[in-house]
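K.L.:
Fold the stuff below for me.
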Amino acid sequence: MTLVMKFGGTSVGSAAAMRDTAVLISQTKQAWGQVVVVASGMGSKPEKVTDLLLNGAHAAAAGDGELYKRNAALMRQIHLEAIDDLLEPDGERQAVLAENGRFIDRYEALCQAVFVLGELSPRALDAMGGMGEQMAVRILAAYLRQQGFPAEAIDATELIVTDDNFLNASPLKAETNEKTRGRLRPLLSANTIPIVTGFIGATKEGITTTLGRGGSDYTGAILGEALQADEVWIWTDVDGVMTADPRIVSTAKSIPSLSYREVSELAFYGAKVLHPKTMRPCIENDIPLRIKNTFNPEHPGTVIVPDTGAANGGIKAVTAIKQLSLITVEGKGMLGVPGIAARTFGAVARGGQSVLLISQASSEQSICFAAPESGTKTIIGSLEAEFAEELKRQDIDRIWALEPVSIVTVVGAGMRHTPGIAGRLFMALGNASVNVVAIAQGSSECSISVVVADHDTGTAVSQIHRLIGS
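P.N.:
Down below sits the predicted model:
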């Protein structure tokens, strides 16, 4: 049986964390047989290596010739402490120190070039952004070998072939599958544990790229698909996906199972879960994807499975996005006029802004939508320019924003088969004196979103959470 396991930054964030991770790897290998490990860069708080890399590079581009040097020195210290604590002097300690030192030397050289030029290209940022992963896997693989487990550090640039969309590259499936199978299957057959860098890939020409948001998780899913793994596990610092943000609802619990569609809705509306693109390779190939807690490994976590259409129950989780604005375009002259909605959202798109929720009255006399509060002025300016003639003729009465507001979303594929969900939802909010200013529900009935005043967010989430399981 083949298992792909991805470990996040906190799981490799210190020598102690790496020891615990190595124990998990060794125990899981004994149970599964063939194990592939994907690792992020060291994520020890308050200094995360990837943040140090990126912040230093951006500062250099802005004319700061010192921050990247301080960050490089701090990275040397972070990795030196881990290596000294984990690796024995008469073993691989010096070799790993030297190899990691070369990555930091290269980082400093690249930042110096960026500082001189005053320009930071996406390609240059990708060359630096994945160095944390490259250093971490070398330490972890060496420690596993020291413990008697054959392991090999592998840069995903050898495995994952991508396009040249730097900072958010997309893998080329056929080429990636061929390279991954050719490189990893012989190692697995030889009982060796591949320790692979997350987050990075390379173009056909071998130029380093990064996979964007959730990149290391995505790496795990891509490798799982290529190797036709039996499962993919994402190790993190929580017991799977929670029914609500535990900072808002102290009684939030882990959800045993979610469908791809449910998780996608939760991710879109602000929950701390996997990015939808991360899950696609597994879901499209019927590979169970499980989220587990490195610090509570006995907990089963949450397993994400394909949509079956047979969901039942009701509300599974509630989440919220704060600091939004609700923008409304309204006017009696809009009634029956074709193209108003298209022009509205075309104007928003031209301003480079995103829309999170849309609600329209059946009379077509108003359209309202939620967007990040930071983009309100840009959006209203773009809409006023688009509808200048209509505003002059008073076909459109006004374009205005209500802010700050939040979107509170309830998710559960079984809601479509459970009568009265919406009624119970609005009764719970009404009983708590929470005013709902807009509503949106997809035809799939997998989620219902309501817009509330920002200061009512915690109350709304808490009241709705009481409906779970009731």
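K.L.:
Give the other helices and strands that the lowest-mean-pLDDT helix or strand in the chain contacts.
P.N.:
Scoring the helices and strands of the chain by mean pLDDT, DSSP states H and E places helix 260-268 at the bottom, with a mean of 83. Identification of packing neighbours for helix 260-268 by 3 or more C-beta pairs under 8 Å, 6 or more residues apart in numbering; DSSP states H and E yields helix 276-283, strand 302-305, strand 317-330, strand 398-411. Where C-beta positions appear, they are placed from N, C-alpha and C, glycine not excepted.
K.L.:
and these, which one's lowest on average pLDDT?
P.N.:
When these are ranked by mean pLDDT, helix 276-283 comes last with a mean of 86.
K.L.:
Can you pull out the low-pLDDT segments for the stretch 301-450 of the chain?
P.N.:
308-313, 361-364, 416-417, 442-445 (pLDDT under 70).
K.L.:
mind redoing it with 80?
P.N.:
Per-residue confidence for the stretch 301-450 of the chain (pLDDT under 80) gives these ranges: 307-313, 335-337, 360-364, 414-419, 441-445.
K.L.:
what about the helices in it?
P.N.:
For the stretch 301-450 of the chain, the helices defined by DSSP state H, counting those that start in this stretch occupy 340-350, 376-386, 388-393, 421-431.
K.L.:
Check the offset of the third one from the chain's centre.
P.N.:
In this case it means helix 388-393. Per C-alpha atoms, centre = their mean, to the nearest Å, the displacement of helix 388-393 from the mean C-alpha position of its chain is 42 Å.
K.L.:
got it, and the last one?
P.N.:
Using C-alpha atoms, centre = their mean, we find the averaged C-alpha position of helix 421-431 to lie 31 Å away from the chain's own average C-alpha position.
K.L.:
can you check the first one too?
P.N.:
On the basis of C-alpha atoms, centre = their mean, helix 340-350 sits 28 Å off its chain's mean C-alpha point.
K.L.:
for the second one, same thing?
P.N.:
From the chain centre to the centre of helix 376-386 is a distance of 30 Å (C-alpha atoms, centre = their mean).
K.L.:
Let the chain start at 36 from now.
P.N.:
With 36 as the first residue, the last one maps to helix 411-421.
K.L.:
In CSV, could you pull the C-alpha coordinates for it?
P.N.:
The C-alpha trace of helix 411-421 is given here as CSV (Å, rounded to 0.1, in the frame of the first residue of the first chain):
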residue,chain,number,x,y,z
THR,A,411,-14.9,49.6,-2.0
LYS,A,412,-13.7,53.0,-3.3
THR,A,413,-12.3,51.4,-6.5
ILE,A,414,-15.4,49.4,-7.1
ILE,A,415,-17.8,52.4,-6.7
GLY,A,416,-15.6,54.6,-8.8
SER,A,417,-15.6,52.0,-11.6
LEU,A,418,-19.4,51.5,-11.4
GLU,A,419,-20.1,55.2,-11.4
ALA,A,420,-17.9,55.5,-14.6
GLU,A,421,-19.7,52.6,-16.2
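K.L.:
what's that helix packed up against?
P.N.:
With contacts defined as 3+ C-beta pairs under 8 Å, 6+ apart, helix 411-421 has these neighbours: strand 352-365, helix 375-385, strand 433-446.
K.L.:
The second one packs against which elements?
P.N.:
So the one you mean is helix 375-385. If you count contacts as 3+ C-beta pairs under 8 Å, 6+ apart, helix 375-385 packs onto strand 401-407, helix 411-421.
K.L.:
So, low pLDDT: which residues of the stretch 36-185 of the chain?
P.N.:
For the stretch 36-185 of the chain, residues meeting the criterion pLDDT under 80 lie at 79-82.
K.L.:
For it, which segments are assigned as strands?
P.N.:
For the stretch 36-185 of the chain, strands defined by DSSP state E, counting those that start in this stretch occupy the ranges 37-42, 69-74.
K.L.:
May I see those strands organised as JSON lines, with mean neighbour count and distance to Ser484 added?
P.N.:
Putting the strands of the stretch 36-185 of the chain into JSON lines (neighbours: other C-beta atoms under 10 Å; distance: least, C-beta to C-beta, whole Å) gives the following:
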{"stretch": "strand 37-42", "mean neighbour count": "26", "distance to Ser484": "30"}
{"stretch": "strand 69-74", "mean neighbour count": "28", "distance to Ser484": "33"}
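K.L.:
so which of those strands gets nearest Pro316?
P.N.:
Of all those, it is strand 37-42 that lies closest to Pro316, at 10.4 Å by C-beta to C-beta.
K.L.:
JSON lines please, covering the helices and strands packed on helix 375-385 and showing mean neighbour count and distance to Leu175.
P.N.:
JSON lines is the format used below for these (neighbours: other C-beta under 10 Å; distance: least, C-beta to C-beta, whole Å):
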{"stretch": "strand 401-407", "mean neighbour count": "20", "distance to Leu175": "38"}
{"stretch": "helix 411-421", "mean neighbour count": "17", "distance to Leu175": "45"}
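K.L.:
what residues are up against Gln181?
P.N.:
Taking C-beta atoms under 8 Å, 6 or more residues apart in numbering as the contact definition, Gln181 lies against 121-123, 126-127.
K.L.:
Break this structure into its domains for me.
P.N.:
37-272, 352-500 (automatic domain parsing).
K.L.:
ok so, going back, save the helices and strands packed on helix 375-385 as JSON lines, and put in distance to Cys317 too.
P.N.:
As requested, the helices and strands packed on helix 375-385 are arranged in JSON lines below (distance: least, C-beta to C-beta, whole Å):
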{"stretch": "strand 401-407", "distance to Cys317": "30"}
{"stretch": "helix 411-421", "distance to Cys317": "36"}
